[in-house]
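1. let's see this in three dimensions:
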Amino acid sequence: MSGKKGLILLTVLALALAPLGGAAGSAGNQALPAPENVAVVLVVDVSASMRETDPQGLRETAARVFVDLLGPDDYFSAIVFSDEAEVLFPLQQVKDSRNKEHFKEVLSSKLTPRGYTDFNAALEEAFRQLRDGKTEGARPAVVFLTDGEPDPGPGLRRNKAYMEGYMEALWKLVADFALHRYPVYTVGFSEEIDPGLISKISLDTLGESYRLQDPGELMVTFFTLLGKLKNRNLLLEERGITGAERSFTFRVDDYIRQVNLVVAGKAGSFKAALYTPRGEEARPGEIKGLSAIEEEGSTLIVLHQPEAALFGDWRFTVSGGGPVDVMADSDLFLKAWLKQPLPSSQHPLHEPLEFEVEVTRGGALKDLPFKVELLLTKPGRSSPEVIPLAKGEKGIFRGSYQQVDAMGAYQLLVRLLLEGKVISTSAATVYVKLLPALSTDFRPGDDFRLGEEVIVSASLELAGQRIAQGRELKVDNFQMVMNYEDGSRVFLPLHDSGNFEEHGNVKAQDGIWSNRLVFGREGAFEAFIQVRGEFRGTEFFLEKRLGFFRAFPPGNIKLTLVPGNRYFALKGGRISYPVAVENNSSFREELYLNGSSSEIGTLRQAKLTLEPGETGTFTLELDLSDSLEAGSYIMPLYLASENALTTIEPSLLELPVEIVTRGEYARRWLELRGRLLAAAGGIVLLLAAFFYAGGLILYRVYVLPQNKVEGSLIYWKAADQEESVIASKKLPLWKLGKDKVLIAFHEDQKADFHLEGADYRHNYHFTIKSYLNLKGPRFLQGWKGLFQRQVPVSFVLQCSEPGVIEFEGALYTGKELFHEDTFKSGGFVFRYINYYSTRWFRGKGEGVNILAGKVLEE
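-> As a prediction, the model looks like this:
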């Protein structure tokens, strides 16, 4: 049924049933997609040594471009440190260019070199910003820029005991970053810096480390780093361009959300220009979404959400006397994110690699048939292996690789393809080492109740054998992490303590780590098991993703004995009790019924199974004892749930029982049947009244308004050539909205239309009338019209005496009109046009040839 007819039917129902009243409603919710924004804390070393390592202040230029590359939905904080750490501004949303200018101004004013180099103070503040900031689930990261090693204060670096404690605190802090999944990306430049130190900070937190030869590389590094954080596609990267003009091309299509271009070099030493696919120079202000930001020695060009007219191959030119760096990347509507394993993570040898890739989409790309594949390159191999990924629930693509038989770096490349074309790529590295594997009995797919307690257990295994702490294995931290949808986290430490009462741990030092978990927060969460320690002299950090879980309120079941019933029977008989049940629970509930009584009778049902959210009426049947005397009794029915957290209201139902004599039973039975027959007769009359009234309403509001003349009548003089149809006149019959239209051949006649050029002096006219082709009384016609695709209407033309119509060589006084019928009368040729007619094809009986068998001469 069409939407229009459905609306009409609803209107009729509302009008016909208005005296009965009533309303209904429903509500639903939709899950929001995961955000793609980042929450970045930029930590900049401003110790005194920066005077020598960055004399030109290139940190400032790079930091300002870093701010410009952030999106409005990203979060940003900046910290500068020497022997103290100063938070320049707390973690907050970027929002707009005005905020960016404020960030850059504050940064520029705080980069004066001074003091020593206290790593701990800087990282503590960065950790605090990420932990306490409200970022709506944005991806966290720290970018740590330094030119030296930890040097907390004058003379302290030479104090061995102090520095041992200082470094121990540093690695504990780094472990906290790892356990909270806050990656630290370190950027170091100077010959004095210890590359092993900053590399370990990054590797331990699953970040990346960059060591630069000079600060001039900062711009490129920041551009590359932020591109990885935002999962952007690199378009070009050219370093050290000098001399003649160089030209680069890149393609813009409907997959691209934004293009970023950066040119960096000595101020005034280069010239850059951008050209559209039409060959015109692109200037900010003239093209929607194009902007340019110039800093000292650098230019950032951004093309945001290009329109379809700008799709095609763009050209970018640069020339200059000094070395110039050019970088460009694109932000896509369609991205593939590697969720498991985590980039830069460690993985045990001989344990299968399980892959999970999430695809985020935007714009008009939500329903495209894309494909995801993963290319894996093992250590020592030059060619990759293709790992097939299958799409699963929640849009996650999954696959596995079994031949993890070599230690070293496994290079992963995720490719997103559409019709064989690579749309997006993202790369990652996983380090396979001789490490124990994580094992747990906490499985995905389970939902939990608030207040429910479970014991979470996990262990480390090597070659299928569980291993405990000892000479080969040292465990610093073993925990379960729950990440909730709003970005908050809950940590549950696991213990191998032998304390069953507190930790649910049966035996100490047996390699089984456990704890009791009581669910105290409602909502969905993603769970992980993490362990950090040392195995055979190698430090490790392992994480196992367990999947998604949900915690709901414990549930409530309400039962009500349906009122209005009379519960009587003969002794030894049976009584049925209709009970309304409402399961206000997100779980499948088992409800136990204890209603046995040797004196009164036995309940046939012992248990009810209720689906989540189920409501309805269940019938309980009580078999009565044959020893009962006539009279009234109460049968107690005790109710209990299989789950102790589920509440039942009430926990006791009292079932009334009345034993009657045979004569009383017969009287009541006849009385009850009489009421049922009367009620049934009333319902039949009500339905008949509704059918009659509804049909009349439909006839008036839907069928009758369609009984009007439709189409147009085109006419021209019969003496004219056929080609003169171009100059013909048109009578728009449909505009009148009438069921009868009068067309006159003389201007003095009273009519709806007068034919131009007619020279009749007597009262000659046409009448076109519409007829409903529905049979039966009007209320039946109303229903028939509603359930037909279109109300069948015919249009009949009748000419006044003594006129006739010539149609296909025969003469008529009247005929039914069809689309493109052409006929002659009164010296004119007429053509009827009705594209929307329900009767396009002519059949028998369309007209009456009143002159059949006669010879006519004109």
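
2. give me the beta-bridge partners of Thr425?
-> Using DSSP bridges, the bridge partners assigned to Thr425 are Arg415.

3. and it, how far is that from Ala282?
-> 27 Å (C-beta to C-beta, to the nearest Å). (Glycine included, C-beta is placed from N, CA and C.)

4. of the two, who's got more company?
-> Just comparing Thr425 and Ala282: by other C-beta atoms under 10 Å the higher neighbour count belongs to Ala282, 20 against 16.

5. list the residues that contact that one.
-> Leu274, Tyr275, Thr276, Leu290, Leu303, Trp314 (C-beta atoms under 8 Å, 6 or more residues apart in numbering).

6. now for the nearest residue to it once chain neighbours are set aside, how many residues are close by?
-> Once flanking residues are discounted, Ala282 sits nearest to Leu274: 4.4 Å by C-beta to C-beta, 6 or more residues apart in numbering. By other C-beta under 10 Å, 21 other residues sit near Leu274.

7. mind checking how far Leu274 is from Thr317?
-> Taking C-beta to C-beta, one finds Leu274 at 8 Å from Thr317.

8. equivalent analysis for Ala390, please.
-> Applying C-beta to C-beta to Ala390 and Thr317 gives a distance of 45 Å.

9. these two: which has the busier surroundings?
-> Thr317 (15 against 9).

10. these two touch, right, that one and Glu281?
-> No - the criterion here is C-beta atoms under 8 Å, and Thr317 misses it with Glu281 at 9.7 Å.

11. need the residues touching each of the two.
-> In contact with both Thr317 and Glu281: Ala273, Leu274, Tyr275, using C-beta under 8 Å, 6+ apart.

12. coming back round to it: tell me which of the contacts of Ala282 is nearest to Gln465?
-> Ranked by distance to Gln465 (C-beta to C-beta), the contacts of Ala282 are led by Leu303 at 57.6 Å.

13. so for the strand or helix carrying that closest one, mean pLDDT?
-> Here Leu303, judged by DSSP states H and E, is contained in strand 298-304. On average, the pLDDT along strand 298-304 is 84.

14. kindly state the beta-bridge partners for the residue nearest to Tyr75 when sequence neighbours are not counted.
-> Excluding the flanking residues, the one nearest Tyr75 by C-beta to C-beta, 6+ apart is Ala39, at 3.9 Å. Beta-bridge partners of Ala39, counted by DSSP bridges, are Tyr75, Pro140.

15. okay, and for the stretch 51-200 of the chain, where does confidence drop off?
-> For the stretch 51-200 of the chain, the stretches flagged by pLDDT under 70 are 191-192.

16. all the helices of it, in order from the start?
-> 58-68, 97-109, 119-132, 160-179, 195-204 (DSSP state H, counting those that start in this stretch).

17. how about stretch 803-823 as PDB, C-alpha atoms only?
-> What follows is stretch 803-823 as a C-alpha-only set of coordinates in PDB (Å, rounded to 0.1, in the frame of the first residue of the first chain):
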ATOM      1  CA  GLY A 803     -23.800  16.700 -33.900                       C
ATOM      2  CA  VAL A 804     -21.700  13.600 -34.400                       C
ATOM      3  CA  ILE A 805     -18.100  12.500 -33.800                       C
ATOM      4  CA  GLU A 806     -16.000  10.900 -36.500                       C
ATOM      5  CA  PHE A 807     -13.600   8.400 -35.000                       C
ATOM      6  CA  GLU A 808     -11.500   5.900 -36.900                       C
ATOM      7  CA  GLY A 809     -14.000   6.000 -39.900                       C
ATOM      8  CA  ALA A 810     -17.100   5.600 -37.800                       C
ATOM      9  CA  LEU A 811     -19.700   8.100 -36.600                       C
ATOM     10  CA  TYR A 812     -20.700   8.400 -32.900                       C
ATOM     11  CA  THR A 813     -22.800  10.600 -30.700                       C
ATOM     12  CA  GLY A 814     -20.700   9.800 -27.700                       C
ATOM     13  CA  LYS A 815     -17.700   7.700 -26.700                       C
ATOM     14  CA  GLU A 816     -15.300   6.900 -23.900                       C
ATOM     15  CA  LEU A 817     -12.100   8.900 -24.100                       C
ATOM     16  CA  PHE A 818      -8.600   7.300 -23.900                       C
ATOM     17  CA  HIS A 819      -5.100   8.700 -24.000                       C
ATOM     18  CA  GLU A 820      -4.200  10.000 -27.500                       C
ATOM     19  CA  ASP A 821      -7.700   9.400 -29.000                       C
ATOM     20  CA  THR A 822      -8.100  11.700 -32.100                       C
ATOM     21  CA  PHE A 823     -11.500  12.500 -33.600                       C
END
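
18. wait, Ala336 touches Leu416, no?
-> Yes - Ala336 lies in contact with Leu416 (C-beta under 8 Å); the separation is 4.4 Å.

19. shared neighbours of those two, which are they?
-> Joint contacts of Ala336 and Leu416 (C-beta under 8 Å, 6+ apart) are Val359, Val372, Ser424, Thr425.

20. these: which two are farthest apart?
-> Val359 and Thr425 (12.8 Å).

21. going by length in residues, pull out the top helix of this protein.
-> Longest helix in the chain, counting residues (DSSP state H): helix 662-698.

22. next SSE after that helix?
-> Per DSSP H and E, the first helix or strand lying C-terminal to helix 662-698 is strand 712-717.

23. pairing partners for that following strand, with directions?
-> Sheet pairing for strand 712-717, using DSSP bridges, gives strand 729-731 (antiparallel), strand 828-833 (antiparallel).

24. tell me the mean pLDDT for the shortest one?
-> Predicted confidence along strand 729-731 averages 87 (mean pLDDT).

25. chain center to it, what's the gap?
-> 55 Å (C-alpha atoms, centre = their mean, to the nearest Å).

26. excluding sequence neighbours, find me the nearest residue to Asn483.
-> Nearest residue to Asn483, sequence neighbours excluded (C-beta to C-beta, 6+ apart): Glu526, at 4.7 Å.

27. where does that neighbour land in three-state SS?
-> Three-state assignment for Glu526 (DSSP: H, G, I helix; E, B strand; the rest coil): strand.

28. so who does it touch?
-> Counting by C-beta under 8 Å, 6+ apart, Glu526 has contacts Met482, Asn483, Arg545, Leu546, Gly547, Phe548, Phe549.

29. give me the buried entries from the residues you listed.
-> Among the contacts of Glu526, the ones that count as buried by 16 or more other C-beta atoms under 10 Å are Met482, Asn483, Arg545, Leu546, Phe548, Phe549.

30. hang on, the earlier thing: state the pLDDT value of the residue nearest to Asn483.
-> So, for Glu526, pLDDT stands at 88.

31. who's it bridged to?
-> Asn483, Phe548.

32. the one 4 residues further on now?
-> Beta-bridge pairing of Gln530 under DSSP bridges involves Gln479, Glu543.

33. surely it and Gln479 touch.
-> Yes - using C-beta under 8 Å, Gln530 is in contact with Gln479, at 5.5 Å.

34. what touches both of these two?
-> Leu179.

35. helices of the stretch 351-500 of the chain, start to end?
-> Under DSSP H, counting those that start in this stretch, the stretch 351-500 of the chain gives helices at 500-503.

36. what segments of it are strands?
-> 353-360, 371-377, 385-388, 390-391, 396-401, 408-418, 421-433, 437-440, 447-449, 453-462, 465-467, 473-484, 489-493 (DSSP state E, counting those that start in this stretch).

37. what's the closest of those to Tyr577?
-> Going by C-beta to C-beta, the one of those nearest Tyr577 is strand 447-449, 29.6 Å.

38. partners of that closest one, with directions?
-> Note on strand 447-449: by DSSP bridges, its sheet partners are strand 538-552 (parallel).

39. give the residues shared as contacts by Val359 and Thr425.
-> Joint contacts of Val359 and Thr425 (C-beta under 8 Å, 6+ apart) are Ala336, Leu416.
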